[in-house]
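Visitor: let me see the structure of the following:
(chains A and B)
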There are 2 protein chains.
Amino acid sequence: MSGCGYRSSTVTLNDRFFSRIRETLVREGIPYQWEALNDRLPADTAPSYCMRNFRVAAGKEKGTFGGFVFQDSDLYKWLEGVAFSLRWHPDKDLEATADEAIAEAVSAQQPDGYLDTYYIINGLDRRFTNLKDNHELYVAGHMIEAAVAYFEVTGKRVLLDAAIRYVDCIDACIGPEEGKIHGYPGHPVIEMALMRLYDLTKEPKYLNMAAYFVNQRGQAPLFFEEETARNGNDFYWKNSPFRYQYYQAGMPVRSQKTADGHAVRAMYLYSGMADVARETGDESLARACRDLWENTTRRRMYITGAVGSTEHGEAFTFDYDLPNDTIYGETCASIGLMFFARRMLRLEAKGEYADVMERALYNGVLSGMQLDGKKFFYVNPLEVVPEACRLDPHKQHVKPERQKWFGCACCPPNLIRLLNSLEDYVAGEKDGTVFVHLYAGSRIELENMSLQLETEYPWQGKVQIRVEAEQPQRKTIALRIPGWCSAYTVNLCGEPGQGEFRDGYLYLTRIWGDGDLIELNFEMPVSLMRANPRIRKDAGLVTLMRGPIVYCLEEADNGRDLHLIHGIRPETACVRWEPETLCGVTTVTTEAEREPVTEFTELYEAQQPEESLPVQLKWIPYYAWANRGLGEMRVWVRK
Amino acid sequence: MSGCGYRSSTVTLNDRFFSRIRETLVREGIPYQWEALNDRLPADTAPSYCMRNFRVAAGKEKGTFGGFVFQDSDLYKWLEGVAFSLRWHPDKDLEATADEAIAEAVSAQQPDGYLDTYYIINGLDRRFTNLKDNHELYVAGHMIEAAVAYFEVTGKRVLLDAAIRYVDCIDACIGPEEGKIHGYPGHPVIEMALMRLYDLTKEPKYLNMAAYFVNQRGQAPLFFEEETARNGNDFYWKNSPFRYQYYQAGMPVRSQKTADGHAVRAMYLYSGMADVARETGDESLARACRDLWENTTRRRMYITGAVGSTEHGEAFTFDYDLPNDTIYGETCASIGLMFFARRMLRLEAKGEYADVMERALYNGVLSGMQLDGKKFFYVNPLEVVPEACRLDPHKQHVKPERQKWFGCACCPPNLIRLLNSLEDYVAGEKDGTVFVHLYAGSRIELENMSLQLETEYPWQGKVQIRVEAEQPQRKTIALRIPGWCSAYTVNLCGEPGQGEFRDGYLYLTRIWGDGDLIELNFEMPVSLMRANPRIRKDAGLVTLMRGPIVYCLEEADNGRDLHLIHGIRPETACVRWEPETLCGVTTVTTEAEREPVTEFTELYEAQQPEESLPVQLKWIPYYAWANRGLGEMRVWVRK
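Guide: I've put the predicted structure just below:
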């Protein structure tokens, strides 16, 4: 039960593209979110109640519980993000603030370890009675993740010890043994959290708990059905096509062949499944992960790495159903897809996992945050007409501009913890092979050796990796050849490099000496992309990608009525680095045509259309849209 | 206050196209719906409770009220349809059944004339306390319409007298006078119903009531707001973009410039407004009607004459927002559009009104009924993928097959009354001019003269009109030149006819003698149609029309994945009359291309698509879709 031996490498990130974003997060996002958690944002912003709930639960302040039942998790996610930020950007003041926040949270912990302010405030007699809807185990999961991260970075145990006490409390109440509740969370996350605690402590109890939550899920008789009956509640999803699959609980996980239900819950569950499969070597569970991966990424994923096709249940729908304008595509779901991808990579080194991880990161994840780090998207549409968001009731979940905060503020702190932990996504080692998954400027520390990676990725395809080694050492360096790349060169110390290409990685094995230089050059042309013909909503449409970056058209550059643009001519593509635009982006111009808006007297006419007019289009990276005021946007355009 | 002098002509319909449909209705639809009203359909069909409610209200049977608050209206709409059917298809048994039904209904009437089984059963003390939502005036409106029709056809006064008593009761409770409720209906229909009663009786009270309901609507302070406050109810639409416009009550009718809110309510209100404007000569009200007509038909109408873009509120959304797959397009709304059009024609003779009336009739109205007259659509989509109706929560209102009955069964009886009263839509007279609006085989009776109209419309553009007159007579015959027609000939007794074309009508003035023959020939090519470029969802798409008929592609003829079809070549169109297909239709074949479904390994690829393959398409009239089992359908196809 030692897993497959894969571990993330120790990486220091020093990347031009991500540094700007991460510095913004540290400078703006983390303090801003702390203000939010303390209800110190302007009055027109949805209040959080998060820190107040802890004080009320600790008896320090009078009041009722505020916000969603899972409100505590906002603090834990913020703390986890802070922990990761302190790793690359030490900040004594911030650490002191975090220590105080931890003290505040822990002061509400009950003698038996229980810690969930919703039930502490509203009545502990009801705790663990509604695992389906009331998110206690979800909150616990985020507490564990924050605790592990904060301990790993700062060495401080306060939150870790509290989390372990809470895990003990959960273990005493829920589990396979007689007299315990044979339940599992309605919103997964504790599975992968327990696996992080297991990674840290090697205490088998945590692995067993995670495995129990994975394996018990969806077993007959259905726990959630019994729980609902016990509580006398109405079953909210009874008329939905999802029913218990909304909770990822309509069937045992090994029977699930399609990514169904709430997309974030799905991604979090699959991530936990992959963790358990890796550590236990359970091949049937690994197969379930592969099935769900394949269904997700080859049938139900947007080109941006967004997942979740419908607002109803924030959920997946069915194969190839990927509407661009009524999409859900929650930022958290794309982050969850990165969690899942990273864990699949730990299970087996296949480039497709890193390809999807990269796709989500540079597109559907980054799009969730305004360039100034202060506003956020919950929903990440691929086509927006502001008027429709306002006036079409079924598009009211789609916002044409990022929002300051949300009543349900899961996405902003999720971005903070993801982007501050990118170090953990860059590289990994297994059986003496070091894998480079993502190309970002970084230093990868190995035993007796390190790799210094320099690149202007994602804007340029050139990557230099310099070996630093006290003495020559035999090793395999496996470099991911991105799925988007159809031509590349690799030089080893100035000579064409020989390697073995397998499953998306180029394996270079030799005795490496200090100063050895690997030069990769991925050709990065502008590619005209088309969707699988089964995707109905993309029929007859195209878009552009360059490297990992998905492009879009915005009204700010191309005027209104983007649906009238057609006849994209990719051969006219002109690429330009614009340091002053959108915090520095590579833009693309192409020629195309545009139908004129003739004022029909009738809505429908038989007569021939007027000639389309030539037009010059300007494309910007999708992640940077909606940073220049209200306007239309489209990723997919008529070909 | 004598109106504009327009009256419908006395018409006998003898039309091949409509005879089949109307005979089906009489043979199948009317008896079937009578069974439905009496809960004698198979157990898997939604029960109606309609007749039972009347018996319970009359104290003949014990029980509670069943069905919707407006359930009584189903009987009245059926009775109105029966009345119209008896006009062209006398049936003693059916008339006896209707007489019994009327006796049953009237036996529940209260001493003061009140008759609404919902309140009679649930407590009369609450009557007229929720005009906004509880449909009393809507039910009363349908009672009046049935009563007038039944009296006009059979000469029997039982229902008419009861309706007049109920109107007196309403007049005693609601109106401008002090002490009365200053309200109006949440669901219009009583306005046009009162105008029919006025047409019949010339009693000014009914006109005044109709005018009051029109003019009071939306005035500040808003009656519905006060009523909601009095009742302590929550306002259901408070977070909707519609709010009180859902009820057509967000502002006074003369301030409404756009067709908003619930589409059927809109059409019914506008119809009543047009009636009142005509009879009162109120030019500001006529202008409001024209504004709303123009917005509806030039900004918010589907090519099929469907209206209502969203299921949320069964409502209009905004200009040019006409999604084909999430459409509401209720059958009743297209019927309501015909009501509105007919009344605008009575206000002023403009061909565009009749064009829309024809468009709705042959497409969005007829599509509401299965060819066998036994199943019905509530929603009339222009694009259907059965899998999406099942699995996409936002398409669950769209049914890929017609249904046997509905809990809210407004559409089936509405079809019965509309299709059985087509006589009233064909022609009209004003100031000595006879207008022919619709081309259907018919005999039009005028003073001392009649016109015998023969045609194979809508399949052929040839129309013969033979004059029968005891003695020669000077008269103007105004023949509508359909908006779809770009070339036609008119012969008078074998010679090219001279006439004046104005506002969509060709005016032929002469002294007509017995046997005079007008021969019209409308060229009826297959036309490739495009939508106004502002309609986003139709961008890059085309469809076919021939004459008034909108065509579509069905899976039954063209296989699955209709979204992959493109490159329609209208010049290859081949028209064929197929008497055995779909009860007799003219089909069209065209050449086109079809993208192959290559099995991508990825969802998104940069590579060039495979060559499209030539394909022969078969198009059928839209109204006849979904009569050959479950399958895809599309009206708009990639050009």
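Visitor: list the buried residues in stretch A:474-486.
Guide: Judged by neighbour count using 16 or more other CB atoms under 10 Å in any protein chain shown, the buried positions of stretch A:474-486 are A:475-485. Every residue, glycine included, has its C-beta placed from N, CA and C.
Visitor: for stretch A:28-46, same thing?
Guide: Neighbour-count burial for stretch A:28-46, counted by 16+ other CB under 10 Å, picks out A:29-30, A:32-34, A:36-39, A:41, A:45-46.
Visitor: wait, what's in contact with the closest residue to chain B within the stretch 201-350 of chain A?
Guide: Residue nearest to chain B within the stretch 201-350 of chain A: A:His312 (3.5 Å; CB to the nearest CB). The neighbours of A:His312, taking CB atoms under 8 Å, 6 or more residues apart in numbering or on different chains as the test, are A:240, B:393-394.
Visitor: secondary structure element for the residue of the stretch 1-150 of chain A at minimum distance from chain B?
Guide: When scored by CB to the nearest CB, the stretch 1-150 of chain A has A:Ala46 as its residue closest to chain B, at 15.0 Å. Using DSSP states H and E, A:Ala46 maps to neither a helix nor a strand.
Visitor: circling back: list the ones among the buried residues of stretch A:474-486 that fall in strands.
Guide: Secondary structure from DSSP state E places A:475-480 of these in strands.
Visitor: which of the residues you listed sits closest to chain B?
Guide: Closest approach to chain B among those (CB to the nearest CB): A:Arg480, at 15.8 Å.
Visitor: tell me the secondary structure for A:Ala172?
Guide: Three-state assignment for A:Ala172 (DSSP: H, G, I helix; E, B strand; the rest coil): helix.
Visitor: coming back round to it: of the contacts of A:His312, just say which sits nearest to B:Glu605.
Guide: B:His394 (28.4 Å; CB to CB).
Visitor: wait, what's in contact with the closest one?
Guide: Contacts for B:His394 (CB under 8 Å, 6+ apart) come out as A:310-312, A:326, A:394, B:311, B:326.
Visitor: which one (most neighbours) among the residues you listed?
Guide: A:Thr310 (25 neighbours; other CB atoms under 10 Å in any protein chain shown).
Visitor: give me the pLDDT for the closest residue to it other than its chain neighbours.
Guide: Spatially, and ignoring its direct neighbours in sequence, A:Thr310 is nearest to A:Thr317 (5.2 Å; CB to CB, 6 or more residues apart in numbering or on different chains). A:Thr317 is assigned 96 on the pLDDT scale.
Visitor: kindly report the same for A:Cys410.
Guide: With respect to pLDDT, A:Cys410 has a value of 66.
Visitor: just give me the closest of the contacts of A:His312 to B:Gly186.
Guide: The closest of the contacts of A:His312 to B:Gly186 turns out to be B:His394 (CB to CB; 25.8 Å).
Visitor: the closest one in helix, strand or coil?
Guide: Secondary structure state of B:His394, per three-state DSSP, is helix.
Visitor: and it, how close does it get to A:Arg638?
Guide: 24 Å (CB to CB, to the nearest Å).
Visitor: same question, A:Asp260
Guide: To A:Arg638, A:Asp260 is 32 Å away according to CB to CB.
Visitor: who's in contact with A:Leu418?
Guide: By CB under 8 Å, 6+ apart, the neighbours of A:Leu418 are A:335, A:338, A:365.
Visitor: correct me if wrong, but it is in a strand.
Guide: No: per three-state DSSP, A:Leu418 lies outside any strand segment and is helix.
Visitor: before we move on, back to that, using a markdown table, lay out the ones in strands among the buried residues of stretch A:474-486 together with pLDDT and distance to B:Pro176.
Guide: As requested, those are exported to a markdown table (pLDDT from 0 to 100; distance: CB to CB, whole Å):
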| residue | pLDDT | distance to B:Pro176 |
| --- | --- | --- |
| A:Lys475 | 95 | 93 |
| A:Thr476 | 96 | 91 |
| A:Ile477 | 97 | 88 |
| A:Ala478 | 97 | 85 |
| A:Leu479 | 98 | 84 |
| A:Arg480 | 98 | 79 |
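Visitor: can you put those residues in CSV and add distance to A:Gln71?
Guide: Output for those, formatted as CSV (distance: CB to CB, whole Å):
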residue, distance to A:Gln71
A:Lys475, 48
A:Thr476, 47
A:Ile477, 45
A:Ala478, 43
A:Leu479, 44
A:Arg480, 39
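Visitor: among those residues, which two are most distant?
Guide: Within these, two members stand farthest from each other by CB to CB: A:Lys475 and A:Arg480, at 16.6 Å.
Visitor: got the domain ranges for chain A?
Guide: Using automatic domain parsing, the domain ranges for chain A come out as A:8-427, A:447-522, A:527-638.
Visitor: output the contacts of A:His312 as TSV; include the columns distance to B:Arg594.
Guide: Shown next, in TSV, are the contacts of A:His312 (distance: CB to CB, whole Å):
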residue	distance to B:Arg594
A:Ser240	35
B:Pro393	30
B:His394	28
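Visitor: and which of those residues is nearest to A:Val588?
Guide: Distance to A:Val588 across the contacts of A:His312 (CB to CB) is lowest for B:His394, with 33.5 Å.
Visitor: any idea how far A:Val276 is from the closest one?
Guide: According to CB to CB, B:His394 stands 35 Å off from A:Val276.
Visitor: identify the residue spatially nearest to A:Arg546, adjacent ones excluded.
Guide: In space, A:Arg546 is closest to A:Val526, 4.9 Å off (CB to CB, 6+ apart).
Visitor: dump the residue contacts of that neighbour.
Guide: Here A:Val526 is in contact with A:544-546, A:570, A:573, A:575, A:588, A:590 (CB under 8 Å, 6+ apart).
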